[in-house]
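**Student:** Dropping the sequence and predicted coords here.
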Amino acid sequence: MQCNTCGRELDNNARFCTTCGYRVTKEQQQATQQTTVTNVITINTGQNSTPSSRQIYINKSFDELKAAAKSQIRGNIAVLFIMILFWQVLTTTMQVPSVIEALATLEFISAPSEIWMTLGLFASIFSFIFPAVMEWGLIANSARVYSNEKATIATGFSGFKNMGAAIGTYIMMSLYLFLWALLFVIPAIVKAYSYACSMFIRFENPNWTANDCITKSREIMDGHKMRLFCYDMYFALLFFLSIFTLFIALIWLLPYYYQFRYNFYQSIKKNNTCNNEVNPI
């Protein structure tokens, strides 16, 4: 299949051109699928080989994932950035009472300790609520953008309608990572990447338990943890370089990063649809 704009040869399952960002239409994909049989695997039975009826989706390359994310956030950057900024400021604000409580305990601040202890308690509670609700809303908007829909402010607050699922998954992940961190930092980092897709999975399967989502994330991240880590290092460099733009580049960079993460999940999720039936080489 070729790009209608620049003529670049594309994968038959590509949604975007990695060169110009052209969005492949559904009609073009269907026409290609009708004329070309691709992505068929062979199951070795020991005597005969027969094609599987299930399709394997090939992992998207780094360039393809970036091009898709850039194309998808066009026209949505303002809404996505406002929601990210709002939740980040709100989550950071929740840490202030805890800091003040610590200072009051050390007698740097002369105030009734009961007040600061109460504020610290509420801050601790909200520190689990807001990040989980925030992430759910960001995923909801990423899903809309991925489906060629517009991101909305209301969608960014959709986590409040699913607080139980969002908070339960967030707390369970935090607990597991804390226990791994007791062993050493490196195991905790590895497990953080193993659990990277847990909230995405919970968003798509709200009736699953937190453990189910974490287990599934471990399965689909098998063989992809280092890959995602390297991608994150690339974005970490971009975040660092945003200093030279007085952080103005974050207006574009933050939505780009979150959308890229969602696209990465969709890529490896599709690649694992057949893992229960066959283990491709």
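**Tutor:** Structure received.

**Student:** from here on, contacts and neighbour counts on C-alpha atoms
**Tutor:** Will do.

**Student:** what stretches of this protein score poorly on pLDDT?
**Tutor:** Low-confidence segments of the chain (pLDDT under 70): 1-2, 4-23, 26-59, 91, 93-128, 270-281.

**Student:** and if we set it to 80?
**Tutor:** 1-60, 87-130, 270-281 (pLDDT under 80).

**Student:** so where do the helices sit in it?
**Tutor:** 26-35, 62-73, 77-93, 96-105, 113-146, 153-156, 163-183, 185-194, 198-204, 210-220, 225-241, 250-271 (DSSP state H).

**Student:** Adding distance to Cys3 and mean neighbour count, write the ones you listed out as a markdown table.
**Tutor:** Shown next, in a markdown table, are the helices of the chain (distance: least, Cα to Cα, whole Å; neighbours: other Cα atoms under 10 Å):
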| stretch | distance to Cys3 | mean neighbour count |
| --- | --- | --- |
| helix 26-35 | 10 | 12 |
| helix 62-73 | 13 | 21 |
| helix 77-93 | 25 | 17 |
| helix 96-105 | 51 | 17 |
| helix 113-146 | 19 | 20 |
| helix 153-156 | 33 | 17 |
| helix 163-183 | 39 | 17 |
| helix 185-194 | 34 | 16 |
| helix 198-204 | 30 | 21 |
| helix 210-220 | 30 | 20 |
| helix 225-241 | 26 | 14 |
| helix 250-271 | 20 | 20 |
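
**Student:** isn't Tyr262 right up against Arg144?
**Tutor:** No: at 10.9 Å, Tyr262 does not count as touching Arg144 under the criterion of Cα atoms under 8 Å.

**Student:** Could I get the contacting residues of Ala181?
**Tutor:** Counting by Cα atoms under 8 Å, 6 or more residues apart in numbering, Ala181 touches 187-188.

**Student:** need the contact list for the closest residue to Ser142 other than its chain neighbours.
**Tutor:** If you skip the residues right next to it in sequence, Ser142 has Gln259 as its closest partner in space, 5.7 Å away by Cα to Cα, 6 or more residues apart in numbering. The neighbours of Gln259, taking Cα under 8 Å, 6+ apart as the test, are 69, 72-73, 142.

**Student:** isn't Ile220 right next to Lys269, touching?
**Tutor:** Yes: using Cα under 8 Å, Ile220 is in contact with Lys269, at 6.4 Å.

**Student:** List phi and psi for Gly223.
**Tutor:** In terms of degrees, to the nearest 10, the main-chain angles of Gly223 are phi 90, psi 0.

**Student:** Make 594 the starting number, not 1.
**Tutor:** Yep, numbering from 594; the last one is Gly816 now.

**Student:** From Phe853, how far out is it?
**Tutor:** 18 Å (Cα to Cα, to the nearest Å).

**Student:** Surely Met792 touches Met727?
**Tutor:** No: counting by Cα under 8 Å, Met792 stays clear of Met727, with 11.2 Å between them.
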